[in-house]
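> Build me a model:
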Amino acid sequence: MSEPTSAQLKDEGNELFKKQDYVGAIVKYTEAIALDDKNASSSMQTAPLAATEIDPGYVKGWSRLAASRDALADWTNSAHAWQKALDALPKTQLSPAEQKQKDQYTAALKAANGRRHQRIVPLSVNEKAGKFPWQIATDMLPGLRRAGHAKISSSAWVIALAYEEFNNGVEMMKGMKKTPVPGNPDNFVFHGNTEGLTLLSNGFMRDDRVFHINQPNWIEMYNQQVYFEVTARKAWDSEGLETVKELAQKRLKENGWDDVRPALAVTVRKGGLREQPQAGVEYYRRALDLVEWGRTIWKDVPKSSRGAIFEHSFLIGVRSLYLKMFMNAYTNDPGLNSKFPLEHLKEEAEDLLKEADIALRTRDGEPVDPGFISSFIAYPAGLGHALLGFYHAQSARYASNPVERMLSYVKAAGEYTTASSKYAEDDELRAWYLNCTLDCMRNAGIPVDNFLMVAFGLRETVPKMKKIWAISELAMGGRDQNIQANLDKADEFMKRIADKTLTRQDPVPL
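Presented below is the predicted three-dimensional model:
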C-alpha cells in the first residue's frame, strides 16, 4: 500500500476539523508537514487556514478561521474572516440555512468589531504600596480557623479562597507548553491542563475583586488557555445560542455526558475575564441563558453527570457578574434612552434576590468552606439590594416631580442600608454601601438624626475595612475621600446641634 501524500493527509485533516475532531486533525496536519515543508496549514492555530487556502469561497472555512481568531482574542483578524465568510455567501435568494449563517456571521462580525478597540482594565497597583487584600486575608486564615465560628463571617474567607482558586488557575496557565510542529518551527501545538478555566472562573465568581494581572504576558497566556481548552474539549465558541443547544443535545445522544459536560463547561467559562462592559453584557447574557436552559431540560440529571455549571450556586454567580457588567454598561451609556435600560436592571436584581433566598432556604447540608455562603448567597443578596438602590437613585435623577424624586432617594437609601448588612463587617462594600445610604439621605431630606445614626455605623466600620481593603480598585477610585466627606458632614451637623443652629429633627442640609 502506497504512503499517503501530504495533500491527502491535509484533506483528511480538513475533514476531521469539519467534524470538530481537532486532535485527530492536528495529527494529520503534523504528518502532512513532515512530508512537505511547504504545507503551511498544519498547526493547532493555523488548521482553519487549510480550508480557506483550498477554496477562498468556502464559507465554513472562513467561519472556522474566524472562530479560531475569536478564541485567541485576535479581533482584527477575526473581523476580517467573518467579513470574508459573509462575502462568500450568496447575495440573493438565500436558503433558510444560508440566512441562518448570515445572521450568525453578521452578529459575530459586529462583536469582533466591537472588541477590536477594547482592552482589559485589571486592578493595577504598585506592589510597593502594600499588600493586596488577598495576601492579607491569606495571612489571616490560620487565626480565623483557630477562632472558629466567632470569625466565620470575615471577608478574609471570601477573598482568600477566591484567590486560592484564581491563583491555581493562573499557575495552570503558566504551565502551558508550546511544542514546535515538526518541520515547521514557526507553528506550535499546545500542551496543558484542561482545568485552568474552571479554577479561574470559580475564583472570579467567588469574588471578582480578585482579578489582577501581575505579569506582562498574562493576557497572552489566558488567550492560549482559552484556545487550548476550546480545542481539547471541542467546545462551542462562535456558534449562536440556539445552535449550541441543538448541538449539545445531539452530542449527548451520540457520545454521552463525558463528552458534553466538559464541552459545555468550557463554552460557559471561557469568557468574561477579558471583556469590557458592553461585550461583557453580551457574554454573560449568553452564559446565563445557557445555564438556565440546561437547568430546565436536565433538572433531574445529577451533578456528577451534567456538571457544576448547572448548579444553583453557579447560576447565582453568573447572574451576579451579568448584573455588574450591565450596571457598568449603563454607567457608560446612562439616561432614559440607554441601550441598557434601568427597568431591566431592576428586574434582574429582583431575580437575583429570589435566587439567593431560594439558595438559603434549600441548602442541602453539603459541606462547604466558610467563604462559600458569603460568595454565593449573602453577597449576591447584598448586590441585589445595592443594584435596586442604584436603580432608585438613578430614577430620582430623571424624576420631574420633586416629591417623586425625594421618595426615590428614600427607597434608594433603604436598599443601600439593607445591602450593607449582607456583607462582613470588615468588607469594604459594607462601608461603601453605608456611604451610598448617606448620599441618598442627603438628597432625600431625611431627618438629621437618621443621618447621624448611619454615619456612626460607618465610622465604626472603616477601621475594620482598612485592615484588609486598604488597597483595592474601589479605594483607588476615591472610596476613602467620599466616605470622609460624609463623616465630616456628620461632624459638622453635631457641632451645629451643639450650637443650636440645627436640630436632630431637621432635614439633612445639602
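> In what element of secondary structure is K178 found?
K178 belongs to strand 177-181 when elements are defined using DSSP states H and E.
> now E355
Element membership of E355 [criterion: DSSP H and E] is helix 342-361.
> Which neighbouring elements make contact with that helix?
helix 312-332, helix 379-397 (3 or more Cβ pairs under 8 Å, 6 or more residues apart in numbering; DSSP states H and E). No exception for glycine: its C-beta is placed from N, CA and C like everyone else's.
> Out of those, which is the most enclosed?
helix 379-397 (a mean of 23; mean count of other Cβ atoms under 10 Å).
> Alpha carbons of the following helix or strand past that one, as PDB, please.
Counting by DSSP H and E, the next helix or strand C-terminal to helix 379-397 is helix 402-421. Output in PDB follows, covering the C-alpha atoms of helix 402-421 (Å, rounded to 0.1, in the frame of the first residue of the first chain):
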ATOM      1  CA  PRO A 402     -39.900  66.800  43.500                       C
ATOM      2  CA  VAL A 403     -42.000  64.500  45.700                       C
ATOM      3  CA  GLU A 404     -41.300  61.600  43.400                       C
ATOM      4  CA  ARG A 405     -37.600  62.400  43.400                       C
ATOM      5  CA  MET A 406     -37.500  62.500  47.200                       C
ATOM      6  CA  LEU A 407     -39.300  59.200  47.500                       C
ATOM      7  CA  SER A 408     -36.900  57.600  45.100                       C
ATOM      8  CA  TYR A 409     -34.000  58.700  47.200                       C
ATOM      9  CA  VAL A 410     -35.700  57.400  50.300                       C
ATOM     10  CA  LYS A 411     -36.100  54.000  48.600                       C
ATOM     11  CA  ALA A 412     -32.500  54.000  47.400                       C
ATOM     12  CA  ALA A 413     -31.300  54.700  51.000                       C
ATOM     13  CA  GLY A 414     -33.300  51.800  52.300                       C
ATOM     14  CA  GLU A 415     -31.900  49.400  49.700                       C
ATOM     15  CA  TYR A 416     -28.300  50.500  50.300                       C
ATOM     16  CA  THR A 417     -28.700  50.100  54.000                       C
ATOM     17  CA  THR A 418     -30.000  46.500  53.500                       C
ATOM     18  CA  ALA A 419     -27.200  45.800  51.000                       C
ATOM     19  CA  SER A 420     -24.500  46.800  53.500                       C
ATOM     20  CA  SER A 421     -25.900  44.400  56.100                       C
END
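> Which neighbouring elements make contact with helix 402-421?
Partner elements for helix 402-421 (3+ Cβ pairs under 8 Å, 6+ apart): helix 379-397, helix 428-444.
> any chance of the ones you listed in TSV, plus distance to I159 and mean pLDDT?
Shown next, in TSV, are the helices and strands packed on helix 402-421 (distance: least, Cβ to Cβ, whole Å; pLDDT from 0 to 100):
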stretch	distance to I159	mean pLDDT
helix 379-397	11	96
helix 428-444	10	95
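> Take the ones you listed and lay them out in CSV including distance to M172.
Shown next, in CSV, are the helices and strands packed on helix 402-421 (distance: least, Cβ to Cβ, whole Å):
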stretch, distance to M172
helix 379-397, 26
helix 428-444, 29
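> Nearest to H212, out of those helices?
Closest of the helices and strands packed on helix 402-421 to H212 is helix 428-444, at 15.7 Å (criterion: Cβ to Cβ).
> That closest one versus helix 379-397: what angle between them?
Helix 428-444 and helix 379-397 meet at an angle of 20 degrees, taking axes from the mean of the first three to the mean of the last three Cα atoms, to 10 degrees as the criterion.
> which helices and strands sit right next to helix 428-444?
Using 3+ Cβ pairs under 8 Å, 6+ apart, helix 428-444 sits against helix 379-397, helix 402-421, helix 448-469, helix 473-476, helix 479-498.
> As CSV, could you dump the C-alpha coordinates of it?
This file holds the C-alpha atoms of helix 428-444, laid out as CSV (Å, rounded to 0.1, in the frame of the first residue of the first chain):
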residue,chain,number,x,y,z
GLU,A,428,-15.2,47.4,52.1
LEU,A,429,-18.6,47.0,50.5
ARG,A,430,-20.3,47.2,53.9
ALA,A,431,-18.7,50.6,54.4
TRP,A,432,-19.3,51.7,50.9
TYR,A,433,-23.0,50.9,50.8
LEU,A,434,-23.5,52.7,54.1
ASN,A,435,-21.8,55.7,52.4
CYS,A,436,-24.2,55.4,49.5
THR,A,437,-27.0,55.4,52.1
LEU,A,438,-25.7,58.7,53.4
ASP,A,439,-25.5,60.2,49.9
CYS,A,440,-29.2,59.3,49.3
MET,A,441,-30.3,60.6,52.7
ARG,A,442,-28.7,64.0,51.9
ASN,A,443,-30.7,64.2,48.7
ALA,A,444,-33.9,62.9,50.3
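> The helix holding E355 versus helix 379-397: what angle between them?
160 degrees.
> in the following helix or strand past helix 342-361, what's buried?
Later in the chain than helix 342-361, the nearest helix or strand by DSSP H and E is helix 370-373. For helix 370-373, the neighbour count (16 or more other Cβ atoms under 10 Å) marks P370, G371, F372, I373 as buried.
> Alright, calling it a day.
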